[in-house]
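**Student:** let's see this in three dimensions:
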Amino acid sequence: MLKGPFSFQRSLLLNLTLVVILLGLAMLATELVTSGHITKRLAKAQATNAIITAEERIVQFVEAVEVMIEVTTYRIRKGLFQGQWLPEDLDVYFQAVLASIPHVSGIILANADGDSYFLLRVGDAWKSRISRPETWGKRVRWREWTNTNPKRTESWREIDYDARRRPWYKGALAQIAEKGANVPARELVHWTRPYKFFTTKQPGVTGSVAVGTPDGSRFVLALDVLLEDVSEYTRNLRVGQSGMVFVLDGDPGTNDSVLVGLPSDPRFREKADIQRYILRPPQELGGPVADFIADVTRPGHRDQGAPVEFHSGGEKWWGMVRRWDVLTDHPLWVGMVISEEDLLRGVPDLTDWVIGLTALILLLGVMRSVQLSRIYSSPIEGLVHQSERMQRLNFEPSEPVRSNISEIRLMATTLERMRQALHSFSSIREDIRIARSIRRATIPEALPTLPGFQMEAWSEPSAEVGGESYDMVNFWTALRGAHRGSAGQADGVAFLFFDAAGFGVNTAVKSSQLRAIFRTGVRLGVDLPNLAEQMDHYLRNDVTESGPVRAWFGLLDGHDSRLSSLCAGHETVLRYVAQEEGFLYLEGQSSALGGEEGIAVPHLQSVQLVRGDIISVVSDGVVDALSPVRERFGLDRIKQVITEHHQADATEIVEQLRQALTDFSSGSEADDDRTILLIKCV
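**Tutor:** Okay, the predicted model is just below:
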């Protein structure tokens, strides 16, 4: 071990040499540590973009069908198809419908007697079929024509066909039996699992809906969607030179998983080849897709939504598959595979550069330590700082490193290019996805129960995901801090409703921390004023640039039906008084949490709830929601909905509020988070 004292030159030489060596090691470590992460993040970014692109296309397929079902359902409800239908009239209407949606091959209309009308498009030709099983038996009437020759030719055939036995017919009736006939048509649409159509034997899915007419009749309307169009899109969706996108029906880890969207493959040039592989297990496809499915289905290798490294054909590949609930009756799985060579094409390998530059700077530092001490000190510190930030996977811009030394400038340029390359693969969508995931985790999976009360809540995040959330948790007066498994019936329920300023991941994390403080305080028996003070202290002292948090705290005692509440900056808390059939505002107002001066906590407001009383807490995103003509939703509409439906249960009241808000805003995307919390005394 060297001992001093040293001359200035020797000391400077040793220290500068040490700094250069450390810098080189840091850069090498960064290269080694980040290279694996870069590849995985590249794979995830490529897969996410490709999967989202495929999902958006499938959404267009589905939405076009559901819109046409909605329009046709409206006409049926208005009495367009009452009584005995005339094929001539149905041909004209449904031919126009099919002409407007290329990926729909056929439309079926059936009544409760099994009578059905079916219009089929085959290229330029059209065929319509009328079947009446209870009248004609197995005989069906066919009509055929083309766009160039509209004259119909008619014939009779023997087909054992009864619409009432088809899955789309049964599914549509099950939907309306479960949800009722008064819900919007889109919510009643039933989508079948992929199958081969009865008439054409082509693979597809059917969307159907049951609808009633003014005279009390009931019809089932169904549209056949060809899966060839989905495969046509996924086959032509290119990701690099080797990347392939595919769509599965059924969990890839089960035996009933089948292909509904084929990947790009030279085998799929002919229509017959495409139809042969649609609805077949992905393992029969072979190649990277089959190898990827085999790898992710192995025990311990399943990680939905994360890239997976696997080998196919002696090469290293990356793949990712994600569940997608676009169809309400069953999920689809969208996936992508790409070779690592293709994935890293165009990304420079900086290892040799880092090693060479480190050695060169070390040599120059030893030779010219005295002369370059001041020149090196500042830029080297900057480079070390940037390297440390990149080791922490922090790729945000920082103060640029400036130097007249070409080697340091080259190193700085190399680091900056690396940072820019890594930063370009992060996206706002990823930030929003993470924020949504965190926010979902703060929403209770199951609401607590309390005899004599009904509790319901609904929350919808905005596009940017704000900091609004709620929580409900049971409390036991005699067992604070103890395990609840044997505590018996809870003494009451504690409520938290808050809106933290800001958007994105940081705000979502702050919201989850507030929820944790709330739950801990309830478990430990902290009263509401002290709990509010603890949250306020946390926001003002432990959170940087937290911003105000408007909140409402509630404590519902199940023994005497008394609600104690505290409003911290949140004003829209209404009480519907059943005996007076009117509304009161809950008082006990205080300033928002996290302010500069701290909150001045007032005494709790305590109200005695009786049968029929309703407490509603709504967010600004509900009250300030705008219609297409820029009119506010307002508190008066909330009061009106509660007044009209005050005899319904809490779930129905919240659903009516949500539906009223959707109708008012014409289904437009929320500019701010929307949340409704409702308590009803029964």
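
**Student:** please identify the helix or strand for residue 69.
**Tutor:** helix 8-77 (DSSP states H and E).

**Student:** please report how far residue 611 lies from residue 682.
**Tutor:** 6 Å (CB to CB, to the nearest Å). Using the backbone N, CA and C atoms, a C-beta is placed for each residue, glycine as well.

**Student:** direction included, what does the top strand by length along the chain pair up with?
**Tutor:** Secondary structure of the chain read by DSSP state E shows that its longest strand is strand 492-503. Strand 492-503 has its sheet partners listed here by DSSP bridges as strand 466-475 (antiparallel), strand 549-557 (antiparallel).

**Student:** enumerate the positions of stretch 514-533 that are buried.
**Tutor:** Residues 514-515, 517-518, 521-523, 526, 528-529, 531-533 are the ones in stretch 514-533 that count as buried (16 or more other CB atoms under 10 Å).

**Student:** would you convert the strands paired with strand 492-503 into a markdown table that also reports mean pLDDT, distance to residue 202 and mean neighbour count?
**Tutor:** Putting those into a markdown table (pLDDT from 0 to 100; distance: least, CB to CB, whole Å; neighbours: other CB atoms under 10 Å) gives the following:
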| stretch | mean pLDDT | distance to residue 202 | mean neighbour count |
| --- | --- | --- | --- |
| strand 466-475 | 86 | 46 | 23 |
| strand 549-557 | 91 | 56 | 24 |
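
**Student:** do I have it right that residue 219 meets residue 109?
**Tutor:** Yes: in this structure, residue 219 is within contact of residue 109 by CB atoms under 8 Å, at 5.9 Å.

**Student:** for those two, indicate the residue with more neighbours.
**Tutor:** residue 219 (24 against 21; other CB atoms under 10 Å).

**Student:** name the helix or strand for the more buried one, please.
**Tutor:** Per DSSP H and E: strand 218-226 holds residue 219.

**Student:** low pLDDT regions in the stretch 201-350 of the chain?
**Tutor:** 298-304, 326-329, 347-350 (pLDDT under 70).

**Student:** just the helices from it, written as ranges.
**Tutor:** 227-235, 271-277, 287-296, 340-343 (DSSP state H, counting those that start in this stretch).

**Student:** setting the sequence-adjacent residues aside, check what's closest to residue 670.
**Tutor:** residue 462 (4.7 Å; CB to CB, 6 or more residues apart in numbering).

**Student:** check whether the one you found sits in a helix, strand or coil.
**Tutor:** coil (DSSP: H, G, I helix; E, B strand; the rest coil).

**Student:** how many neighbours does the nearest residue to residue 337 once chain neighbours are set aside have?
**Tutor:** Nearest residue to residue 337, sequence neighbours excluded (CB to CB, 6+ apart): residue 319, at 4.0 Å. For residue 319, the tally of surrounding residues (other CB under 10 Å) stands at 25.

**Student:** residue 319 touches residue 50, doesn't it?
**Tutor:** No: with contact defined as CB under 8 Å, residue 319 does not count as touching residue 50 (11.0 Å).

**Student:** find residues that contact each of those two.
**Tutor:** residue 336 (CB atoms under 8 Å, 6 or more residues apart in numbering).

**Student:** now the strands paired with strand 492-503 as JSON lines including distance to residue 250?
**Tutor:** Shown next, in JSON lines, are the strands paired with strand 492-503 (distance: least, CB to CB, whole Å):
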{"stretch": "strand 466-475", "distance to residue 250": "34"}
{"stretch": "strand 549-557", "distance to residue 250": "44"}
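
**Student:** show me the contacts for the residue nearest to residue 100 when sequence neighbours are not counted.
**Tutor:** Ranked by CB to CB, 6+ apart and with sequence neighbours excluded, the top spatial neighbour of residue 100 is residue 68, at 7.4 Å. Contacts for residue 68 (CB under 8 Å, 6+ apart) come out as 97, 100-101, 104, 223.

**Student:** would you map out the domains in this protein?
**Tutor:** 104-347, 431-610 (automatic domain parsing).

**Student:** just send these back as CSV, with distance to residue 40 too.
**Tutor:** What follows is these, written out as CSV (distance: least, CB to CB, whole Å):
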stretch, distance to residue 40
domain 104-347, 5
domain 431-610, 16
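
**Student:** mind giving me the ChimeraX select for the contacts of residue 68, buried ones only?
**Tutor:** Remark: buried members of the contacts of residue 68, expressed as a ChimeraX selection using 16+ other CB under 10 Å:
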select :97,101,104,223
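
**Student:** before I go, just wanted to say thanks for your time.
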